[in-house]
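Participant: For reference, the sequence and a predicted model appear below.
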Amino acid sequence: SFNIGMLNPIFGNGPNSFALYCSKPELKALTHNCSHPHNFYLQLFSEQGLIGLFFLSFTYIYLFFSFLKNFLFELFDNKKNNEDNFQKNGVLIAILIILCPIIPNMDFYNNWNNIFIFILIGMYLHFTKISYKKSGNE
């Protein structure tokens with residue numbers, strides 16, 4: 001997938017084009033005729049280029065630092081009623097595990113994966129809105 005991405009590194013080769021490039025004779029020896037590279041980041045680099053990879057990487061980094069901020073807030077907060085932050089951290093952990101760059105994944109454009117990812121993102125936004133309202137910043 002890295003070699004396919006290097007054919008057009010800025011914009012990539014187009015969505016769901018990994019299988020087309022795998023069938024080329026010069027790249028066929030490097031792959032095993034699969035439809036996707038089994039990693040979200042490599043798939044986005046080969047199909048969307050650095051631009052697509054930037055959006056997923058930025059999202060992962062933002063969610064990771066959001067988790068660290070919430071986790072440290074829970075550690076040093078004297079209130080014992082942090083149920084919203086606890087739920088928010090649980091959702092963040094689930095998203096971070098699904099989007100982890102070092103584990104194998106299914107196809108990024110697969111509907112089954114996107115259902116899980118977007119439901120979790122919706123739950124994260126819901127808990128963020130609740131904690132925002134409770135802090136008095138309405």
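Facilitator: Yes, it's here.

Participant: can you point me to the longest helix in the chain?
Facilitator: helix 40-76 (DSSP state H).

Participant: buried ones in it?
Facilitator: Buried residues in helix 40-76, counting neighbours by 16 or more other C-beta atoms under 10 Å, are found at 40-49, 52-53, 56-57, 60, 63, 66-67, 70. Where C-beta positions appear, they are placed from N, C-alpha and C, glycine not excepted.

Participant: ok, now stretch 101-117?
Facilitator: Within stretch 101-117, the residues scored as buried using 16+ other C-beta under 10 Å are 105, 107-108, 117.

Participant: what's the pLDDT at Gly136?
Facilitator: Here the pLDDT value assigned to Gly136 is 64.

Participant: Would you mind measuring from Ile51 to Phe45?
Facilitator: 10 Å (C-beta to C-beta, to the nearest Å).
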